[in-house]
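Visitor: A predicted structure for the sequence below; I have some questions about it.
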Amino acid sequence: MNDDTNTNLTVLAGGRLGGTSSSFVRHRPPTAPYDTIVHVVGARPNFVKMAPVISALERRGAFRQVIVHTGQHYDARMSDEILADLEFPVPDRFLKIGSGAHGEQTAKVLVAFEEVLRDEQPVAVVVAGDVNSTLGCALAAAKHGIPVAHVEAGLRSFDWGMPEEVNRVLTDRLSDLLFTHSPEAVDNLRAEGVVDGRIHHVGNTMIDSLRRSERTARDRRAWAQVGVERGEYALVTLHRPSNVDDPQQLMRIVEALDGLAHRFPVVFPIHPRTRARLGEAGVNRLENAGVRCIDPLGYLDFLSLQSGAGAVVTDSGGVQEETSALGVRCYTFRPSTERPITLSHGTNILLGDDPASLAEVQLVDWEATPSAIPLWDGHAGERVAEVLINNYALTQAFAAHG
């Protein structure tokens, strides 16, 4: 972040607001005089990012909250697991968008979400991350003149070959409030002409969920369930199209993972997209090499595997953040990252996209030490809630509630 004593950039202090109830059940009757705020979730990481915001707003009692699940990524079993793991409220609306090409998926979200906006008449829409649902809902809200608040704004890989980069930049351009979780995100927004009054550096809401769940996750000892010892395995997660959609690239990755598995145990929860691309032959080769190929896990079990790993190999943005917060060595199998703070202040190492680089992966032999990244302190959701209340909640709502 630039050192500017005249900045209007908002950096809200930490500290919990209200109580610490473990349930997010909404208790206000629909006739209560509260303005409505709509939260959008479209993929698993969105639940992790939005849970702390919804919880903090619930404790403050400032809005009637409506949660919309677009269904961009949806599996009934996994959806139920993540709702339970995060104690996340059951979504009020489920749009059933499903998979599809980027344009098709974004268009379906836009059309379906417009109906939600007409029904709910919210004072603001809160979106998170960079999936197609994020952009589709932000665009629909902007066309209806409804303010958009973007959680995880300002991240940039500067790689326009990534669909997520397009989604990030356009969503930020459409947003009224931009919530950043790292100083370089603030710099990116300023460089694009966003005025400081719209930027709020609040920290990382995903780490709020991690800190809340970390002890429970460790106690699960998920590594024992797959037959490996704590600290003595590498955890692998790969799903990006650039890695799994090209058959030649994918087979080179399989060869590299085969090589890793001859050095130490490898645990590979296989994303449905990746499993489909691998087919039976690819999965069999990995299993024959000793790779533990397992189904995708719920939030707590996956967090448990991360916490116990000697190293993590990933192409996921969120995993780069979670491993830094846990203090676990992370190797990112991508040519760039939109989260450079995990390189400079965290545990992340950028490998590039040549499968031969996977040979560099090493298990660490020391106790994990969480990275001290500013404002990744477990209170980002409360800072987001404070800004939303200050900008969109009606004074009379508090009077009626009190």
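Guide: Right, received. Where do you want to start?

Visitor: Can you say which helix or strand has Leu388 in it?
Guide: Using DSSP states H and E, the element containing Leu388 is helix 380-392.

Visitor: residues of that helix that come out buried?
Guide: Ala380, Gly381, Glu382, Arg383, Val384, Ala385, Glu386, Val387, Leu388, Ile389, Tyr392 (16 or more other CB atoms under 10 Å). (Glycine included, C-beta is placed from N, CA and C.)

Visitor: From those residues, pick the one nearest Ser209.
Guide: Nearest to Ser209 among those, counting by CB to CB, is Gly381 at 8.5 Å.

Visitor: Quick check: closest non-adjacent residue to that closest one.
Guide: Pro52 (2.7 Å; CB to CB, 6 or more residues apart in numbering).

Visitor: what sits against the one you found?
Guide: Residues near Pro52 by CB atoms under 8 Å, 6 or more residues apart in numbering: Thr205, Asp208, Ser209, Arg212, Ala380, Gly381, Glu382, Val384.

Visitor: I'd like the average pLDDT over the helix holding Leu388.
Guide: Average pLDDT, helix 380-392: 97.

Visitor: And stretch 160-168, by the same measure?
Guide: For stretch 160-168, mean pLDDT rounds to 93.

Visitor: Tell me the helix or strand right after whatever helix or strand the residue nearest to Gly381 lives in.
Guide: Taking DSSP H and E as the criterion, Pro52 maps to helix 44-60. Once the chain leaves helix 44-60, the next helix or strand it forms, by DSSP H and E, is strand 64-69.

Visitor: could you give the angle of that following strand to helix 44-60?
Guide: 170 degrees (axes from the mean of the first three to the mean of the last three CA atoms, to 10 degrees).

Visitor: ok, and what's touching the next helix or strand after strand 64-69?
Guide: Per DSSP H and E, the first helix or strand lying C-terminal to strand 64-69 is helix 76-86. Helix 76-86 is contacted from outside by 44, 47-48, 51, 69, 88, 90, 209, 213, 296, 298-300, using CB under 8 Å, 6+ apart.

Visitor: Could I have the CA atoms of helix 76-86 written out in PDB?
Guide: C-alpha atoms of helix 76-86 as PDB (Å, rounded to 0.1, in the frame of the first residue of the first chain):
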ATOM      1  CA  ALA A  76     -25.900 -32.100  -3.300                       C
ATOM      2  CA  ARG A  77     -23.600 -34.000  -0.900                       C
ATOM      3  CA  MET A  78     -20.800 -31.500  -0.900                       C
ATOM      4  CA  SER A  79     -23.200 -28.600  -0.700                       C
ATOM      5  CA  ASP A  80     -24.800 -30.100   2.400                       C
ATOM      6  CA  GLU A  81     -21.400 -30.800   3.900                       C
ATOM      7  CA  ILE A  82     -20.100 -27.200   3.500                       C
ATOM      8  CA  LEU A  83     -23.300 -25.700   4.800                       C
ATOM      9  CA  ALA A  84     -22.900 -27.900   7.900                       C
ATOM     10  CA  ASP A  85     -19.200 -27.300   8.300                       C
ATOM     11  CA  LEU A  86     -19.500 -23.500   8.200                       C
END
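
Visitor: Make 668 the first number, not 1, from now on.
Guide: With 668 as the first residue, the last one maps to helix 743-753.

Visitor: quick one: buried residues of that helix?
Guide: So, applying 16+ other CB under 10 Å, buried residues of helix 743-753: Met745, Ser746, Glu748, Ile749, Leu750, Asp752, Leu753.

Visitor: In PyMOL, how would I select the buried members of the contacts of helix 743-753?
Guide: Applying 16+ other CB under 10 Å to those, the buried members can be selected in PyMOL as follows:
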select buried, resi 711+714+715+718+736+755+876+880+963+965+966+967
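
Visitor: Could you find the lowest-pLDDT member of the contacts of helix 743-753?
Guide: Arg711 (87).

Visitor: I figured Val986 was touching Tyr998, is that so?
Guide: No: with contacts counted by CB atoms under 8 Å, Val986 stays clear of Tyr998, the gap being 10.5 Å.

Visitor: Find residues that contact each of those two.
Guide: Common neighbours of Val986 and Tyr998 (CB under 8 Å, 6+ apart) are Val979.

Visitor: give me the low-pLDDT residue ranges for this structure?
Guide: For the chain, applying pLDDT under 70 flags the ranges 668-700, 740-745, 1061-1069.

Visitor: centroid residue for this protein?
Guide: Nearest to the mean C-alpha position of the chain, by CA atoms, centre = their mean, lies Pro712 at 3.6 Å.

Visitor: separation between that residue and Arg726?
Guide: 23 Å (CB to CB, to the nearest Å).

Visitor: Give the bridge partners for Val733, please.
Guide: For Val733, the beta-bridge partners are Val705 (DSSP bridges).

Visitor: What distance do you get for the closest residue to Val921 other than its chain neighbours to Val707?
Guide: Once flanking residues are discounted, Val921 sits nearest to Gly949: 5.4 Å by CB to CB, 6+ apart. Look at Gly949 and Val707: by CB to CB, they are 35 Å apart.

Visitor: Can you pick out the residue with more neighbours from these two?
Guide: Applying other CB atoms under 10 Å to Gly949 and Val707 shows that Val707 carries more neighbours, namely 32 against 21.

Visitor: Before I go, just wanted to say thanks for your time.
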